[in-house]
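Participant: here is a sequence together with a model predicted from it:
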Amino acid sequence: QKEVEQNSGPLSVPEGAIASLNCTYSDRGSQSFFWYRQYSGKSPELIMSIYSNGDKEDGRFTAQLNKASQYVSLLIRDSQPSDSATYLCAAVNILNEKLTFGTGTRLTIIP
Amino acid sequence: KAGVTQTPRYLIKTRGQQVTLSCSPISGHRSVSWYQQTPGQGLQFLFEYFSETQRNKGNFPGRFSGRQFSNSRSEMNVSTLELGDSALYLCASSRGQSNEKLFFGSGTQLSVL
């Protein structure tokens, strides 16, 4: 079992709809979580971080964390074609400070 | 402010050779991490250096090694290259706290023939 698991997709969402990306983690020592976006042929860039249970909103993006269920999600409201990318979930273990990435979910927004 | 710089951008090597990749972090960043990215495995952590010391290491064989210099620049070396080492190698820098945002370089695309 991978430490951070994501559905590889591709996930296709119509423009203007809500895109929902999910991630589960197995290491209970994970305390900090991140969502990175990677456009094809480019490097990853951080879009959201979340450390506490609940929701965190930033513009069209909402990150959700449920530590009891070991589940992290990213919602993208009013999806735009420019949101088409691979989204990487990452978790940091509080003890060894090691950052582990999931394999990513490829998201395609259909105009 | 200049971003993370990786050189070279592309490399073609043959099996058995060795290769050295270079990474210059953002000015003021003391932590440099290296990742291997392949289509099947995603981003896999190689190692992290902070103030010239290896702070964390992933599950890669000893053929993969790295170091960090006093100016925070880092190099990664792979010896006795295998076909499976073909990948995009990404370097990321940060100031060094575990919760911090990573800034990635453009990567070095290594092809082993």
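Facilitator: Yep, it's here.
Participant: up against chain A, what does chain B have?
Facilitator: B:33, B:35, B:41-45, B:48, B:55-56, B:58, B:90, B:98-99, B:101-102, B:104-107 (CB under 8 Å from any CB of the partner chain). No exception for glycine: its C-beta is placed from N, CA and C like everyone else's.
Participant: out of the residues you listed, which end up buried?
Facilitator: B:33, B:35, B:42-45, B:48, B:55-56, B:58, B:90, B:98, B:102, B:104-107 (16 or more other CB atoms under 10 Å in any protein chain shown).
Participant: if we can go back for a sec, out of the residues of chain B next to chain A, which sit inside strands?
Facilitator: If you go by DSSP state E, the residues of chain B next to chain A have B:33, B:35, B:42-45, B:48, B:55-56, B:90, B:104 in strands.
Participant: and the furthest pair within those?
Facilitator: Spatially, the most separated pair among those is B:Gly42 and B:Arg55, at 21.9 Å (CB to CB).
Participant: what comes up buried for the helix or strand where B:Ser65 lies?
Facilitator: Assessed by DSSP states H and E, B:Ser65 sits inside strand B:64-68. Buried residues in strand B:64-68, defined by neighbour count with 16+ other CB under 10 Å: B:64-66, B:68.
Participant: adding pLDDT and distance to A:Ile18, write the residues you listed out as JSON lines.
Facilitator: Below are the buried residues of strand B:64-68 laid out as JSON lines (pLDDT from 0 to 100; distance: CB to CB, whole Å):
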{"residue": "B:Phe64", "pLDDT": "98", "distance to A:Ile18": "41"}
{"residue": "B:Ser65", "pLDDT": "97", "distance to A:Ile18": "45"}
{"residue": "B:Gly66", "pLDDT": "97", "distance to A:Ile18": "41"}
{"residue": "B:Gln68", "pLDDT": "97", "distance to A:Ile18": "43"}
